[in-house]
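> okay, sequence plus prediction incoming.
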Amino acid sequence: MNSKAVAAVAPNGLSAATSEPVGPDTEQDIDLLLAFLNTIDAETGTDVLRETEQWQQWCLRHTGQASVDTAAAREIRDLMRDSISRGSVESTAIPPGTAEWPVRIHLEEGVPVASGSDALGAVLAAAFRIATVGRWHRIKICPATNCLWAFYDRSRNRSRTWCSMRVCGNREKARSWRERHTAQ
Ligand SMILES: [Zn+2]
């Protein structure tokens, strides 16, 4: 049984909008969501979702479940990545093919919990819980065009831009410095 898929939405989590730390259940959700968002890797030019077989392996490794729909997974991942990159708060229409997401809500000892009926559902349930506890805006995508890595911003004031300040931040600083100085 996959504990990630059935972790309860903690009622007191609803008010925990700002500071860290997060509980172990949320950590698991964050890990799963980030792994899903990072199935595409700009640095190596690879995409797990390009091959059904690779995606199936990913699903088993990360959720212990299978997934029926590679196209829907790709669509949902790209939509989430787009919206996170833009930092957009506008509502986005759910693509026609993915109107029925494999997530169900049921009562566990009287408490409503979201769980996935397959691997994609498990990812979506995790993403839903992250949003429900007010932490969605901490999921970010590194803006360095050769990186685009999804990460979780743990800074107190949510100020982190780069996946790693040491690598991407410095690379970007060096690039803009060069651009400023070669433009003259
Ligand atoms: Zn980066």
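Structure's in. What do you need?
> and Thr70, how many neighbours?
Here the number of neighbours of Thr70 (other CB atoms under 10 Å) works out to 19. C-beta coordinates here come from the backbone N, C-alpha and C atoms, glycine included.
> so what's it up against?
In this structure, Thr70 makes contact with Leu49, Thr52, Trp55, judged by CB atoms under 8 Å, 6 or more residues apart in numbering.
> which of these has the most neighbours?
Highest neighbour count within the contacts of Thr70, by other CB under 10 Å: Trp55, with 22 neighbours.
> what's the per-residue pLDDT of that one here?
The predicted local distance difference test score for Trp55 is 96.
> and Asp69, how far from Ala126?
In this structure, Asp69 and Ala126 are separated by 17 Å, where distance is defined by CB to CB, to the nearest Å.
> of the two, which one has the most company?
Between Asp69 and Ala126, counted using other CB under 10 Å, the more crowded position is Ala126 (30 against 17).
> packing partners for the host helix or strand of that one?
Applying DSSP states H and E as the criterion places Ala126 in helix 119-132. With contacts defined as 3 or more CB pairs under 8 Å, 6 or more residues apart in numbering; DSSP states H and E, the packing partners of helix 119-132 are helix 3-6, helix 24-37, helix 52-63, helix 70-86, strand 103-108, strand 111-116.
> now the fifth one and helix 119-132, what's the angle there?
So that's strand 103-108. Computed by axes from the mean of the first three to the mean of the last three CA atoms, to 10 degrees, the angle separating strand 103-108 from helix 119-132 equals 70 degrees.
> what pairs with strand 103-108, and is each one parallel or antiparallel?
According to DSSP bridges, strand 103-108 has the following sheet partners: strand 111-116 (antiparallel).
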